[in-house]
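A.B. asks: Attaching a predicted model along with its sequence, questions to come.
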Amino acid sequence: MHHWPGRPYPLGATWDGTGTNFSLFSEHAEEVELCLFGARGKERRITMADRTAYNFHCYLPGVGPGQRYGFRVHGPWEPEAGHRFNPDKLLIDPYAKAIDGGVDWDESVFGYRMGEDDRVRDDRDSAPHVPRAIVANPYFDWGEDRHPLTPWTDTVIYETHVRGLTMQHPDVEPELRGTYAGLASPPVLEHLIDLGVTAVELQPVHHFVHDHFLHEHGLRNYWGYNSIGFFAPHDEYAAWRHTDGQVQEFKQMVKELHAAGLEVILDVVYNHTAEGDHMGPTLSFRGIDNLAYYRVVEDEPRYYMDYTGTGNSLNVRHPHVLQLIMDSLRYWILEMRVDGFRFDLAAALARELHDVDRLSSFFDIIQQDPVISQTKLIAEPWDVGEGGYQVGNFPVLWTEWNGKYRDTIRDFWRGDSAVLGETATRLSGSSDLYEHTGRRPNASINFITAHDGFTLRDLVSYNEKHNEANLADPDSGESHNRSWNHGVEGPTDDEDVNALRQRQQRNFLATLFISQGVPMLLGGDEFGRSQRGNNNTYCQDNELAWYDWSWLDPTDADEPNEAAGGMTPGEQRSLYQFTRTLIHLRRQHSVFRRQQFFRGREGTSEGSRRGPIGMVDLDWLRPDASAMTDEDWDTARLTALMFFLNGRALPTRDDRGRRVLDESFLVLCNADAVDVTFRVPSSRYGERWRVLLDTAMLREADGWLLGAGDEREVTNRSLVVLRRLDDAAEVGARPR
């Protein structure tokens, strides 16, 4: 085939309307062959004779979208020196924009002879058994698409899974279930819009591989934290997989979500790849340039440094690997138009040498990048290496999954009085973690549950994990969950236990949405989704992990639903409405989503004829309305308290510079095992109050009016929100 020298950049396969430029980086390779595949799988090899700055490149006139290709890379086979070049292995382009197919785990996909030492090279051809890269069409009609640009203070994140969300939705067309198109279908969009969330955070959509050991046990990698292509949407999530259809379908999904006002955040895995440890397959990076792409043990480069628990760690210290990550991020922003990223095991990306370094090159480059720095950046601030727990230590542009928030709130509602002081800190935005770095409350991504762990329903139904369905790895998953089954392990017909579990679900949800910071809701928690006690469904691509939507049918028999941990469809609908009410309450009131930390000082409130002058912005009170003392905090003898949120002390101005005013609230929290009588504080805080929300009530709050000094009994393990009625008319006329 006639070919021209081409250009070293951009890397990957770039179609310009006339032909395609191919470029591959390898610092230590001796020769690279471009392999083109026809419709019947016939292979044609072209030596990429031109090399510029470690990039092998060529240009093929007439080659365009839909062309399947791969690379064969020649170089030294010296595992003990860190080199694992093997031209008998077809390799995926690290910059492939589309990838077709998976790995069938024939022995030929391994660079060494299976059953022998990994230093013994295998010379069997892997091409029939591995994916092909595809030249993609970059053109798409975005029309009037715009990024929603939702401010962090207004953001509510819905963490979900492309496949699991839609596989069982009765109103999604069968051929669209489990796909990008299904996620963007009207029934799903209507649910998300009605619920009130502002962003969907999708578990990995980068093309990934189903692990070898799962394949051997008849399981699949459901979560997708096993990436092999950092530019390509996973092809199994596409309804139209012909040629590069997954790229077009993903773009259409983003376009539809944006039109509905929803941002798209991707869970990205740049800390490791699907090639595993030194005994893993040779699919891409290992065969292209092992020493460049992976962190190897300095004295024994045959082996990998493993900060991720997966067998390898990407070598973020290498400039071309950093370039790969940055190019990938920019591609998803500029070409696929996503709005942000959640970085899996982000601490691993910050390891310049061994320790986690806040000033590592990775963060420096993102800080300076005019595109990436303007998106939503979320860190999972830990990895499995020594010193890897880094909550609160990421740079100023970053937000973080706040694991301390999760753990503290779980402990509080189990009745642990020892965490009362920390609970107050977490509810008020975790200033101890973020304020010293110049960040604000929105640096804290608050969550009770996430994909990794129990669902909310299982959190209140199980003391122990039940991961037997994982077969190959039944002991996987966290053993210390801070969960509580309330006396019975799993579903039960005990009415008292079920009532308490449902109340606790409402407690967790209410706490999440009235806390300062950015709330993240695990998809399905709004209607009681259960995984039957499995807290690590990474390999459960089935009904155990898929969302069950049967509760949507109002005529459905009101019998206990196993997929909801024994809740009835009616109870699920009630929980959904409760969650929806909470989200809309948060969106309506700035006092629950402050832009700055509380100061706790007097004199910050804007006075009026009827409003309190000189009130603090936040006050913590005992149930009898007396002020919390140092002894109360230090002795940890209380499991009930209330706090006052002053809506007239917001240090916030709107886009036009006007002072933002809001109504004020009292929140009564009783995590005790007995009912507790609370006294409404003095008229200094407000004359009249209305009960807005009570987690002990199955339906909407009673709306009772209370005056200063009145008493109200708060049910054991429940939460009550009161809204001050004074100044309601005046505040209603001002921005909030």
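C.D. replies: That came through fine.
A.B. asks: contacts, neighbours, all on C-alpha from now
C.D. replies: Noted.
A.B. asks: What's the mean pLDDT across stretch 213-228?
C.D. replies: Per-residue pLDDT values over stretch 213-228 give a mean of 95.
A.B. asks: cool, and stretch 417-432?
C.D. replies: On average, stretch 417-432 scores 95.
A.B. asks: try stretch 24-32
C.D. replies: According to the model, stretch 24-32 has a mean pLDDT of 98.
A.B. asks: Buried residues of it, list them for me.
C.D. replies: Residues 24-29, 31-32 are the ones in stretch 24-32 that count as buried (16 or more other CA atoms under 10 Å).
A.B. asks: Show me this protein divided up by domain.
C.D. replies: 12-134, 155-271+316-588, 600-732 (automatic domain parsing).
A.B. asks: In a markdown table: those, plus distance to R295.
C.D. replies: Shown next, in a markdown table, are the domains of the chain (distance: least, CA to CA, whole Å):
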| stretch | distance to R295 |
| --- | --- |
| domain 12-134 | 10 |
| domain 155-271+316-588 | 8 |
| domain 600-732 | 46 |
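A.B. asks: now for those, which one comes closest to H278?
C.D. replies: Closest of the domains of the chain to H278 is domain 12-134, at 7.3 Å (criterion: CA to CA).
A.B. asks: What is the end-to-end distance of the closest one?
C.D. replies: End-to-end distance for domain 12-134: 10 Å, by CA to CA, to the nearest Å.
A.B. asks: cool, stretch 525-541 as well?
C.D. replies: For stretch 525-541, the first-to-last residue distance is 19 Å (CA to CA).
A.B. asks: Need the three-state assignment for I265.
C.D. replies: strand (DSSP: H, G, I helix; E, B strand; the rest coil).
A.B. asks: on that earlier part again, flag whichever of the domains of the chain has the least confidence on average.
C.D. replies: domain 600-732 has the lowest average pLDDT among these, namely a mean of 84.
A.B. asks: and that one, how far from the chain's centre?
C.D. replies: When distances are taken as CA atoms, centre = their mean, to the nearest Å, domain 600-732 is centred 32 Å away from the chain's centroid.
A.B. asks: so who does the residue lying closest to A673 once chain neighbours are set aside touch?
C.D. replies: In this structure, A673 finds its nearest non-sequential neighbour in N716, 5.3 Å apart by CA to CA, 6 or more residues apart in numbering. N716 sits next to 670-676 when contact means CA atoms under 8 Å, 6 or more residues apart in numbering.
A.B. asks: Dump the buried residues of stretch 24-32 to a markdown table, plus secondary structure and distance to V130.
C.D. replies: Listed next are the buried residues of stretch 24-32 as a markdown table, based on DSSP: H, G, I helix; E, B strand; the rest coil; distance: CA to CA, whole Å:
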| residue | secondary structure | distance to V130 |
| --- | --- | --- |
| L24 | strand | 19 |
| F25 | strand | 21 |
| S26 | coil | 21 |
| E27 | coil | 24 |
| H28 | coil | 23 |
| A29 | coil | 21 |
| E31 | strand | 21 |
| V32 | strand | 18 |
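A.B. asks: Adding distance to W15 as columns, could you present these in a markdown table?
C.D. replies: Below are those laid out as a markdown table (distance: CA to CA, whole Å):
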| residue | distance to W15 |
| --- | --- |
| L24 | 15 |
| F25 | 18 |
| S26 | 22 |
| E27 | 25 |
| H28 | 27 |
| A29 | 25 |
| E31 | 23 |
| V32 | 20 |
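A.B. asks: still on that earlier bit, now do the SS call for the residue nearest to A673.
C.D. replies: Once three-state DSSP is applied, N716 turns out coil.
A.B. asks: All the helices of the stretch 101-250 of the chain, in order from the start?
C.D. replies: Assigned by DSSP state H, counting those that start in this stretch, the stretch 101-250 of the chain shows helices spanning 162-166, 180-183, 186-195, 212-216, 245-259.
A.B. asks: likewise the stretch 351-500 of the chain?
C.D. replies: Under DSSP H, counting those that start in this stretch, the stretch 351-500 of the chain gives helices at 361-368, 403-413, 420-427, 431-434, 456-459, 495-514.
A.B. asks: Dump those into JSON lines; add mean neighbour count and distance to M697 as well.
C.D. replies: Below are these laid out as JSON lines (neighbours: other CA atoms under 10 Å; distance: least, CA to CA, whole Å):
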{"stretch": "helix 361-368", "mean neighbour count": "16", "distance to M697": "47"}
{"stretch": "helix 403-413", "mean neighbour count": "22", "distance to M697": "17"}
{"stretch": "helix 420-427", "mean neighbour count": "20", "distance to M697": "23"}
{"stretch": "helix 431-434", "mean neighbour count": "20", "distance to M697": "33"}
{"stretch": "helix 456-459", "mean neighbour count": "29", "distance to M697": "18"}
{"stretch": "helix 495-514", "mean neighbour count": "21", "distance to M697": "8"}
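A.B. asks: now the ones you listed in a markdown table, with distance to E663?
C.D. replies: As requested, these are exported to a markdown table (distance: least, CA to CA, whole Å):
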| stretch | distance to E663 |
| --- | --- |
| helix 361-368 | 37 |
| helix 403-413 | 25 |
| helix 420-427 | 18 |
| helix 431-434 | 23 |
| helix 456-459 | 30 |
| helix 495-514 | 14 |
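A.B. asks: do you know which of those lies nearest A636?
C.D. replies: helix 420-427 (6.4 Å).
A.B. asks: now that closest one against helix 403-413, angle please.
C.D. replies: 130 degrees (axes from the mean of the first three to the mean of the last three CA atoms, to 10 degrees).
A.B. asks: what's helix 420-427 packed up against?
C.D. replies: helix 403-413, helix 630-635 (3 or more CA pairs under 8 Å, 6 or more residues apart in numbering; DSSP states H and E).
A.B. asks: Quick one: the ones you listed as a markdown table, columns for distance to L575 too.
C.D. replies: Listed next are those as a markdown table, based on distance: least, CA to CA, whole Å:
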| stretch | distance to L575 |
| --- | --- |
| helix 403-413 | 18 |
| helix 630-635 | 33 |
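A.B. asks: so which of the ones you listed gets nearest H206?
C.D. replies: So among the helices and strands packed on helix 420-427, helix 403-413 is nearest, using CA to CA, at 25.0 Å.
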